[in-house]
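Asker: sharing a model that was predicted from the sequence below.
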Amino acid sequence: MIGNGKADSLAVLIDADNANPAIVEGLLAEVAKLGVASVKRIYGDWTTPGLGKWKANLLEHSIQPIQQFAYTSGKNATDSAMIIDAMDLLYTGTFDGFCLVSSDSDFTRLAARLRESGKAVYGFGEQKTPKPLVAACDRFIYTEIFLQPDVAEHPESAGNQGSIRRRSSQELRQDAKLCNLFRQAIDATADDDGWASLGPVGSQITKQMPEFDPRNYGYSKLSELVEGIGLFTLRREHNLLSIKDQRPGKRGS
């Protein structure tokens, strides 16, 4: 949200060659949480049969297809077209942020350039996405989460083929990077008694790890992931959740 309470205006740019058409509903629902998709464009060579599944989604979701012929075999002209359009949209001054949907590392410099101009950049791609592109975004959301049932509504489905398996408490505790991120975020945002509001803790973690999302671990909410780890205390007061490090010697212990 921007300062006057109005939802952020977002440009959604999709690399059809590097995105699964099955994610479209989950993708657009996620974008709606971030702002308003004022522009939705998808880039590819629509004369090829490989993009046939995408075509069925375009009218239903009001996504504008941008035709880009593959002039030379082995060269991806789609990337160039998407980058040029992104810069044109940037210079209009109309948009608060950009959603780049691709697992292609060629968009790393574009993401960095958009952020240098003060725009929020949300990346969407598969878990195979190279780390430089992930790190170049404010947030990076792995699209596998859009292909699984809602864990909160169907917990028995977690771990089924094609879904992200819910990690056990033991596995989460053995993830030293995850646990340390929580501890550092709590230390950075806690009050004198050692309690930190859960929302700012999540935001602090995302700043250090753009791809952080509880759904990557099989949990639909941040509070559920914290409970799953079992190393932190959760407290609810007036519908606000706070978190505290349980280790001896921490503030308020």
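Answerer: Everything's here; your move.
Asker: which residues does the residue nearest the centre of the chain form a beta bridge with?
Answerer: Residue closest to the average C-alpha location in the chain (CA atoms, centre = their mean): Ile141, at 2.2 Å. Counting by DSSP bridges, Ile141 is bridged to Phe124.
Asker: show me what contacts it?
Answerer: Glu30, Tyr122, Gly123, Phe124, Glu211, Asp213 (CB atoms under 8 Å, 6 or more residues apart in numbering). The way it works is simple: take the backbone N, C-alpha and C, and place the C-beta from them, glycine included.
Asker: assign Cys99 to helix, strand or coil.
Answerer: Here Cys99 is recorded as strand under DSSP: H, G, I helix; E, B strand; the rest coil.
Asker: how about the helices of the stretch 51-200 of the chain, start to end?
Answerer: If DSSP state H, counting those that start in this stretch is used as the criterion, the helices of the stretch 51-200 of the chain fall at 52-58, 77-92, 108-116, 131-136, 169-173, 176-189, 198-208.
Asker: wait, doesn't Gly230 sit right on Ser168?
Answerer: No. Applying CB atoms under 8 Å, one finds Gly230 not in contact with Ser168, separated by 10.2 Å.
Asker: thinking again about what came up before, Lys6 is nearest to which of the helices of the stretch 51-200 of the chain?
Answerer: Closest approach to Lys6 among the helices of the stretch 51-200 of the chain (CB to CB): helix 77-92, 17.1 Å.
Asker: what's the closest one in contact with?
Answerer: The contact list for helix 77-92 (CB under 8 Å, 6+ apart) reads 11, 13, 15-17, 39, 41, 43-45, 66, 68-71, 95, 98, 100, 102, 104, 106-107, 110, 113-114, 117, 119.
Asker: among those, which lie within strands?
Answerer: Ala11, Leu13, Asp15, Val39, Arg41, Tyr43, Gly44, Ile66, Phe98, Leu100 (DSSP state E).
Asker: may I ask which two of those are separated the most?
Answerer: Farthest apart among the ones in strands among the contacts of helix 77-92 by CB to CB are Gly44 and Phe98. That separation is 18.3 Å.
Asker: gap between Ile243 and Ile229?
Answerer: Going from Ile243 to Ile229 by CB to CB, to the nearest Å gives 10 Å.
Asker: wait, Asp45
Answerer: 46 Å.
Asker: how does this structure divide up, domain by domain?
Answerer: Domain assignment for the chain by automatic domain parsing gives 9-147, 169-245.
Asker: pipe those domains into a markdown table and attach mean pLDDT per row.
Answerer: Converted to a markdown table, the domains of the chain look like this (pLDDT from 0 to 100):
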| stretch | mean pLDDT |
| --- | --- |
| domain 9-147 | 92 |
| domain 169-245 | 94 |
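Asker: hang on, Gln67 packs against Asp45?
Answerer: Yes. Counting by CB under 8 Å, Gln67 does reach Asp45; the two are 7.1 Å apart.
Asker: more neighbours: these two, which one.
Answerer: Taking neighbours as other CB atoms under 10 Å, Gln67 and Asp45 compare with Asp45 leading, 17 against 11.
Asker: now do the phi/psi pair for that one.
Answerer: Per-residue torsions, Asp45: phi -90, psi 100 (degrees, to the nearest 10).
Asker: how about Glu211: what's its closest non-neighbour residue?
Answerer: Phe140 (4.4 Å; CB to CB, 6 or more residues apart in numbering).
Asker: give the burial count for that neighbour, as a bare number.
Answerer: Counted with other CB under 10 Å, the neighbours of Phe140 add up to 24.
Asker: just give me the neighbour total for the residue lying closest to Ala22 once chain neighbours are set aside.
Answerer: Nearest residue to Ala22 in three dimensions, chain neighbours excluded: Leu147, at 6.0 Å (CB to CB, 6+ apart). When neighbours are counted by other CB under 10 Å, Leu147 registers 14.
Asker: I'd say Leu147 and Val24 touch.
Answerer: No. Between Leu147 and Val24 there is no contact under CB under 8 Å: 11.1 Å.
Asker: noted, bye for now.
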